[in-house]
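Visitor: no letters, just coordinates:
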């Protein structure tokens, strides 16, 4: 029963994350031409059979490699790291908007103050399971998100608003965030050995 409740809560959290922060492009007005062998008959539910658009920024995190029995705080933090891993692509087109989206969702998570030792352990395990190259790549993604957190919580609120507007996040995130949220992220990065203070 406890496992079922945890799974139900995890599913609800994924739906909230998707609903509150999803960024999608509008579907094209004209449908794509059907392949030659299927041109005679198109499926009735064509919209449902199409793959998600490449421009979609937030997708549901893949938790298939997550430990089986994790609590709500562990799940919430792990989802943030999976989102960063899936979404942020430093050095590619649109990377700053993707980093802004990831940073905004991380700040929203931090505003709830859910940092626990158990959640840190799950995230450390997630990062440790990566290859050396994967860890280096993920480090670059975290660098981009950390820099964006500083931008979104800095003194230039107009620049932060513009970034969040361009990323489609201004209305759905908790901007402006207070210093407590920033402190939680600082604590998180310090616990992960990313800062030496």
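Guide: Looks like it came in fine. What you see is a predicted model, and the numbers here were worked out from it, not measured in a lab.
Visitor: low-confidence ranges, this structure, go.
Guide: Across the chain, residues meeting the criterion (pLDDT under 70) sit at 1-69, 114, 195-197.
Visitor: please enumerate the helices of it.
Guide: Remark: helices assigned in the chain by DSSP state H are 2-21, 46-49, 72-87, 95-111, 117-128, 132-152, 157-166, 179-191.
Visitor: what's the closest of those to residue 172?
Guide: helix 2-21 (4.9 Å; CB to CB). To be clear about C-beta, it is placed using only N, CA and C from the backbone, and glycine gets the same treatment.
Visitor: coming back round to it: please work out which of the helices of the chain is packed deepest.
Guide: Using mean count of other CB atoms under 10 Å, the stretch among the helices of the chain with the largest mean neighbour count is helix 95-111, at a mean of 24.
Visitor: what angle do that one and helix 132-152 make?
Guide: Helix 95-111 and helix 132-152 meet at an angle of 80 degrees, taking axes from the mean of the first three to the mean of the last three CA atoms, to 10 degrees as the criterion.
Visitor: ok, now how distant is residue 171 from residue 151?
Guide: In this view, residue 171 and residue 151 are 19 Å apart by CB to CB, to the nearest Å.
Visitor: pretty sure residue 152 sits against residue 100.
Guide: Yes. With contact defined as CB atoms under 8 Å, residue 152 reaches residue 100; the gap is 6.8 Å.
Visitor: find the residues that touch each one of these two.
Guide: Common contact partners of residue 152 and residue 100 (CB atoms under 8 Å, 6 or more residues apart in numbering): 163, 164.
Visitor: what separation do you get for residue 130 and residue 166?
Guide: Distance of residue 130 to residue 166, given as CB to CB: 30 Å.
Visitor: one more: residue 178?
Guide: 23 Å.
Visitor: same deal with residue 136?
Guide: 29 Å.
Visitor: now swap in residue 122 and tell me
Guide: 32 Å.
Visitor: swap in residue 103?
Guide: Residue 103 sits 13 Å away from residue 166, taking CB to CB as the criterion.
Visitor: so what's residue 187 up against?
Guide: Contacts of residue 187 (CB under 8 Å, 6+ apart): residue 115.
Visitor: one more: residue 107?
Guide: By CB under 8 Å, 6+ apart, the residues touching residue 107 are 149, 152, 153, 173, 174, 177, 181, 182, 185.
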